[in-house]
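Student: My questions are about this predicted structure, shown below with the sequence.
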Amino acid sequence: MYGWIWRHLPGNAWLRALISVVLTLAVVYVLFQYIFPWAEPLLPFNDSTVNDK
């Protein structure tokens, strides 16, 4: 998959690397801003089975 993406990016190796970094940062941004907040209520991390005393 990464080879396919690399071959389809325009430019030389330096430009491809820069575009790859920008694309990676964009994906991380979208995940943290939209996907993770949407999915948080669906995850069982706040369900505890230990009672407070």
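Tutor: It's in. Residues are numbered from 1 along each chain as shown.

Student: Spell out the residue ranges of the helices in this structure.
Tutor: Taking DSSP state H as the test, the helices found in the chain are 2-8, 13-30, 36-39.

Student: Select, out of these, the one closest to residue 51.
Tutor: Nearest to residue 51, of all these, is helix 36-39, at 27.3 Å by Cβ to Cβ. Glycine gets a C-beta too; all of them are placed from N, C-alpha and C.

Student: buried residues in the closest one?
Tutor: Applying a neighbour-count criterion of 16 or more other Cβ atoms under 10 Å, one finds nothing buried in helix 36-39.

Student: And for stretch 36-51, what's in contact with it?
Tutor: Where contact means Cβ atoms under 8 Å, 6 or more residues apart in numbering, no residue beyond stretch 36-51 reaches it.

Student: on that earlier part again, export the helices of the chain as TSV, with columns for distance to residue 50 and mean pLDDT.
Tutor: Output for those, formatted as TSV (distance: least, Cβ to Cβ, whole Å; pLDDT from 0 to 100):
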stretch	distance to residue 50	mean pLDDT
helix 2-8	43	88
helix 13-30	33	96
helix 36-39	24	90
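
Student: In a markdown table, list those along with distance to residue 45.
Tutor: Formatted as a markdown table, the helices of the chain follow (distance: least, Cβ to Cβ, whole Å):
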| stretch | distance to residue 45 |
| --- | --- |
| helix 2-8 | 30 |
| helix 13-30 | 20 |
| helix 36-39 | 11 |
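
Student: From residue 23, how far out is the closest residue to residue 15 other than its chain neighbours?
Tutor: Distances taken as Cβ to Cβ, 6 or more residues apart in numbering put residue 9 closest to residue 15, at 7.7 Å, once the chain neighbours are dropped. Separation of residue 9 from residue 23 (Cβ to Cβ, to the nearest Å): 9 Å.
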